[in-house]
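Trainee: Take this sequence and fold it.
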Amino acid sequence: MPHRIGIFGGTFDPPHLGHMILASEALQQLKLTRLLWMLTPMPPHKQKQQITSVAHRLEMVQAAIRDVPRFELSTLEFERPAPQYTADTLRILQEHNPSSDLILLLGADSLRSITTWYHPAEIVASCREIGVMQRPGELIQMGVLEAALPKLKEKVRFVETPLLQISSREIRRRIAEGMEYRYFLTPVVYDYIQANHLYGI
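Mentor: Okay, the predicted model is just below:
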């Protein structure tokens, strides 16, 4: 059987327990051989947002996933000039892993907007499956998406995940406002943020 490589992209600013749980559930439910944490330097849709330096985010992700053998940090998107598009990333991964199946992991909100992404048909064609991390009660109009992107529906696999109200934005806000945030993070990421005075500490 071919290896099944999951691609979990994001800014991870910072990586938190929600990310860890989602990645772990995807690894198990989609029977992935390994899962790449694809750290994005500057996402095209966040050009106007202030983002923590790549060096700090790289260290935090590496620390968070260090003890999970099938989690890997990928620096592929650092090696290309901006903007880094998902379609290009998948094409390069295909070239590097010709005998493996690529499984792109998305949140339900990202799937709903996939038709607006750069070369969405290429994204669908490049993936063996698209793992969609859907929270209870979230609705996705697959018929509408399928009309714009044929064969999308047959590739979507839903990943059941716990309902966690954790986001990097909320954590950054809590830190900036002096609120408690320790238990939203793995201990090593919490210690790193404290030691490096990130997010307004």
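
Trainee: Can you give me the neighbour number for F78?
Mentor: Close neighbours of F78, defined as other Cβ atoms under 10 Å, add up to 12. Using the backbone N, CA and C atoms, a C-beta is placed for each residue, glycine as well.

Trainee: Let me see the contact set for the residue nearest to it when sequence neighbours are not counted.
Mentor: Using Cβ to Cβ, 6 or more residues apart in numbering and skipping residues adjacent in sequence, the residue nearest F78 is P41, 5.8 Å away. Residues in contact with P41 (Cβ atoms under 8 Å, 6 or more residues apart in numbering) are V54, E77, F78, A82, Q84.

Trainee: Show the buried residues in the residues you listed.
Mentor: Buried by 16 or more other Cβ atoms under 10 Å: V54, E77, Q84, out of the contacts of P41.

Trainee: can you put these in a markdown table and add pLDDT and secondary structure?
Mentor: Formatted as a markdown table, the entries for these read as follows, by pLDDT from 0 to 100; DSSP: H, G, I helix; E, B strand; the rest coil:
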| residue | pLDDT | secondary structure |
| --- | --- | --- |
| V54 | 91 | helix |
| E77 | 91 | helix |
| Q84 | 87 | coil |
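
Trainee: Give me the phi and psi for the residue nearest to F78.
Mentor: phi -60, psi -50 (degrees, to the nearest 10).

Trainee: Tell me how far it lies from Q49.
Mentor: When Cβ to Cβ, to the nearest Å is the yardstick, P41 and Q49 sit 13 Å from each other.

Trainee: lowest-pLDDT helix or strand in this structure?
Mentor: Here the helix or strand of the chain ranked lowest by mean pLDDT, DSSP states H and E is helix 108-112, holding a mean of 90.

Trainee: list the buried ones in that one?
Mentor: For helix 108-112, using 16+ other Cβ under 10 Å, the buried residues are S110, L111, R112.

Trainee: In this structure, where is pLDDT below threshold?
Mentor: Within the chain, the stretches falling below the threshold (pLDDT under 70) are 43-48, 135-137, 163, 201.

Trainee: quick one: the strands in it?
Mentor: 4-10, 34-39, 71-74, 101-107, 129-134, 156-160 (DSSP state E).

Trainee: what packs against the last one?
Mentor: In this structure, strand 156-160 packs against helix 17-29, strand 129-134, with contacts taken as 3 or more Cβ pairs under 8 Å, 6 or more residues apart in numbering; DSSP states H and E.

Trainee: most packed of those?
Mentor: With neighbours defined by mean count of other Cβ atoms under 10 Å, none of those is more surrounded on average than strand 129-134, at a mean of 22.

Trainee: Neighbouring strands - and their directions - for it?
Mentor: Counting by DSSP bridges, the strands paired with strand 129-134 are strand 101-107 (parallel), strand 156-160 (parallel).
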